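K.L.:
sequence below, structure please.
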Amino acid sequence: MPVKFNKIITTDYAVSSPKIGRAFDGFTFAYLADLHDVCVGENNSLILENLKNRRPDAILLGGDMITERKHGVHATECRHALDLVIRLAELAPVYYSIGNHEARWMDPERIHTESYEDYKNALEAAGVRFLDNRSVKLHKGADMIRITGLSLPLRYFGVRHETLDTQIVHLLAKDPDPDHFQILLAHSPTHHAAYDVWGADLTLSGHYHGGQVRLPLIGGVISTGWTLFPKYDMGMYALKNGKLIVSAGLGTHTIPLRINNPPEAVYITLRNAQDGNACI
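P.N.:
Predicted coordinates:
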């Protein structure tokens with residue numbers, strides 16, 4: 001029986017840039033991350049109801065929809081994620097970028113009773129697009145935006161993670177097009193500076209679960225990498241060139257703890273900047 005939460009909060013952001021063409025003005029993404037195969041409402045009814053009411057133009061998934069444990073992934077540890085994502089694909093186009101738990105599930109040296117390829121194939125059959133170090137271009141008339149999913153190797157996660165700087169260029173096949181708005185789905189916010197230097201106008205992350213426990217005026221207490229009071233735990237942050245939005249996520253794993261930190265659905269509305277200056 002998965003952990004079940006009975007509340008979901010909604011956070012809205014408006015993102016404007018001269019790179020966002022007029023055709024995309026008002027275009028809205030829903031961003032969901034870190035489900036970890038739990039349920040928010042009966043069979044994830046609260047998540048589905050939330051999205052049905054908001055009717056986003058597209059849905060972005062930021063990884064860790066499942067939980068990969070030391071004993072592997074079993075059918076009972078991915079079925080809620082599988083069912084939810086298939087049902088999301090009935091509401092809007094879905095673009096799925098993987099997190100560290102999907103990355104571990106893909107590792108051929110780990111033993112699992114369920115195949116990652118079976119999970120992925122079932123979702124692709126439902127129309128889900130996986131952005132595994134890949135990009136997709138969305139076109140509306142002559143206007144275009146680009147969405148890229150970054151799949152980080154496991155050495156970039158955890159307490160003693162490696163630093164990601166120029167390696168991001170080698171992981172992604174192409175650099176951003178500087179003339180078009182670039183969204184980067186990057187599961188961990190730890191390497192935000194590298195994403196910014198690479199050229200992301202907007203980076204969407206999760207991974208920290210909102211700091212697990214949130215305190216008034218302080219924010220998140222501890223990250224999933226055991227960092228106390230992480231700076232980028234939840235919200236929108238200005239980087240040197242672009243912006244970073246970190247979702248508090250939907251679920252938990254290992255220690256089922258979320259205090260003052262309900263599951264979160266994020267909505268991002270794009271706006272065309274008329275004055276030539278990017279503002280968010």
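
K.L.:
could I get the pLDDT score of the closest residue to residue 128 other than its chain neighbours?
P.N.:
Leaving aside its chain neighbours, residue 128 sits nearest to residue 94 (4.6 Å; criterion: C-beta to C-beta, 6 or more residues apart in numbering). Yep, even glycine has a C-beta here, placed from its N, CA and C like the rest. pLDDT for residue 94: 98.

K.L.:
quick check: residue 94 vs residue 58, distance?
P.N.:
The spacing between residue 94 and residue 58, counted by C-beta to C-beta, to the nearest Å, is 8 Å.

K.L.:
residue 181 contacts residue 146, correct?
P.N.:
Yes - in this structure, residue 181 is within contact of residue 146 by C-beta atoms under 8 Å, at 7.1 Å.

K.L.:
coming back round to it: and the residue nearest to residue 128, what are its bridge partners?
P.N.:
Beta-bridge partners of residue 94, counted by DSSP bridges, are residue 59.

K.L.:
flag the shaky bits of the stretch 1-150 of the chain, pLDDT-wise.
P.N.:
1-3, 70-77, 111, 113 (pLDDT under 70).

K.L.:
which parts of it are helices?
P.N.:
Assigned by DSSP state H, counting those that start in this stretch, the helices in the stretch 1-150 of the chain fall at 45-54, 79-88, 100-106, 116-125.

K.L.:
just put the ones you listed in TSV and tack on mean neighbour count and distance to residue 205.
P.N.:
Output for the helices of the stretch 1-150 of the chain, formatted as TSV (neighbours: other C-beta atoms under 10 Å; distance: least, C-beta to C-beta, whole Å):
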stretch	mean neighbour count	distance to residue 205
helix 45-54	16	19
helix 79-88	20	19
helix 100-106	22	12
helix 116-125	15	21
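
K.L.:
next, format those as CSV and append distance to residue 4.
P.N.:
CSV is the format used below for the helices of the stretch 1-150 of the chain (distance: least, C-beta to C-beta, whole Å):
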stretch, distance to residue 4
helix 45-54, 10
helix 79-88, 10
helix 100-106, 19
helix 116-125, 21
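
K.L.:
about what we covered before: who has more neighbours, residue 94 and residue 58?
P.N.:
Applying other C-beta atoms under 10 Å to residue 94 and residue 58 shows that residue 94 carries more neighbours, namely 23 against 18.
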